[in-house]
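Q: here is a sequence together with a model predicted from it:
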Amino acid sequence: MKNTDFDYKRIAEGYRNRPFLHKQVIAKFQEDIGERHFALGLDIGCGAGLSTKALKDICAKVMGSDISPEMIRVAREVCGSDEQITFIVSSAEEIVNPDEKADIVTAAGAIQWIDRARFLPRIRQAMKDGGYLLIYDFAISDKMLGNQTYTDWWHNQYLKEFPRPFRDESIWKSEDIAPYGFRILKQIPLEMAYSFDLVSFIEFMMIQSNVNARVDTDERNEEMVYEWFRKTLSPIFHGANQSLLFKGYSWYLQKETG
């Protein structure tokens with residue numbers, strides 16, 4: 001997927017309404033490393049700013065960065081008037097060093113699009129010795145609590161209609177990052193439930209990368225795709241809210257001293 005694939009007003013506006021599960025991930029991280037707050041946090045690939053807003057819970061100041069100007073525009077709106085949150089337009093691999101070194105860096109749902117060999121040396125320069133690098137992601141799964149029909153729809157209709165594009169989903173290992181001056185503290189799976197009604201779920205699905213790939217190449221327009229979701233999902237929701245299971249991961253890395 002190209003870096004410009006997320007630089008669209010429609011997608012950026014949709015990202016602001018994604019489930020705010022980032023807050024749970026940050027809270028779990030803080031619990032695991034011990035209750036503490038940080039002076040400066042840096043949020044890489046911040047998208048519409050939800051991950052930046054969550055990081056601010058444990059930092060005095062936060063800077064969010066994203067390659068998409070549209071995402072940064074929306075992120076500024078999402079984070080509102082908080083003067084301790086700033087944003088810049090930048091790729092992860094070319095991020096500039098902040099005026100002070102970061103205590104913690106987060107990358108939520110971004111690392112699969114980033115060149116690790118270019119990113120890790122660059123971000124190391126922007127971090128304090130002993131600083132944390134928190135890499136996490138979560139995505140909707142093929143599980144809806146108590147609804148097998150949804151699982152059947154996911155595999156037999158959705159993924160056939162909208163195949164997933166390639167992304168690097170390899171799990172980092174200690175030997176992969178040690179040459180860059182990082183060590184892995186912990187890698188944990190994530191599993192979180194979130195309730196949707198039919199309309200909010202369709203809106204969420206409309207900004208999935210595999211769906212965007214079809215819309216953005218003009219194979220289908222937005223109205224056609226929305227109607228396909230409405231028609232195929234209505235029998236699954238039955239006019240009621242449904243709880244969807246999100247699955248993902250959270251990796252705690254630390255910059256080695258020296």
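A: Nice, thanks for sending it over.

Q: the stretch 151-258 of the chain: helices as residue ranges?
A: Counting by DSSP state H, counting those that start in this stretch, the stretch 151-258 of the chain has these helices, from start to end: 159-161, 174-177, 198-205, 209-216, 222-237.

Q: for those, which has the smallest mean pLDDT value?
A: The minimum mean pLDDT among the helices of the stretch 151-258 of the chain belongs to helix 209-216 (a mean of 79).

Q: just for the stretch 101-250 of the chain, where's the confidence low?
A: The stretch 101-250 of the chain contains residues with pLDDT under 70 at 166-167, 216-219.

Q: coming back round to it: just so I know, which of the helices of the stretch 151-258 of the chain lies nearest Asp82?
A: helix 198-205 (25.6 Å; Cβ to Cβ). Using the backbone N, CA and C atoms, a C-beta is placed for each residue, glycine as well.

Q: please report phi then psi for Met63.
A: Phi and psi for Met63, reported as degrees, to the nearest 10, are phi -120, psi 130.

Q: counting neighbours, what do you get for it?
A: Neighbour count of Met63, defined by other Cβ atoms under 10 Å: 26.

Q: so who does it touch?
A: Met63 sits next to Leu40, Gly41, Leu42, Asp43, Ile85, Thr86, Phe87, Ile88, Pro98, Ala102 when contact means Cβ atoms under 8 Å, 6 or more residues apart in numbering.

Q: so which of those residues comes closest to Ile67?
A: Distance to Ile67 across the contacts of Met63 (Cβ to Cβ) is lowest for Ile88, with 10.4 Å.

Q: checking that closest one next. Helix, strand or coil?
A: strand (DSSP: H, G, I helix; E, B strand; the rest coil).

Q: that one contacts Ala75, correct?
A: No. Applying Cβ atoms under 8 Å as the test, Ile88 and Ala75 come out as separate, 10.5 Å apart.

Q: need the overlap of contacts for the two.
A: Joint contacts of Ile88 and Ala75 (Cβ under 8 Å, 6+ apart) are Gly64.

Q: neighbour count: these two, which is higher?
A: Neighbour count, other Cβ under 10 Å: between Ile88 and Ala75, Ala75 has more, with 27 against 13.

Q: kindly confirm my reading that the more buried one is in a strand.
A: No. Using three-state DSSP, the assignment for Ala75 is helix, not a strand.

Q: do you know how far it is from Thr257?
A: Distance, Ala75 to Thr257, using Cβ to Cβ, to the nearest Å: 32 Å.
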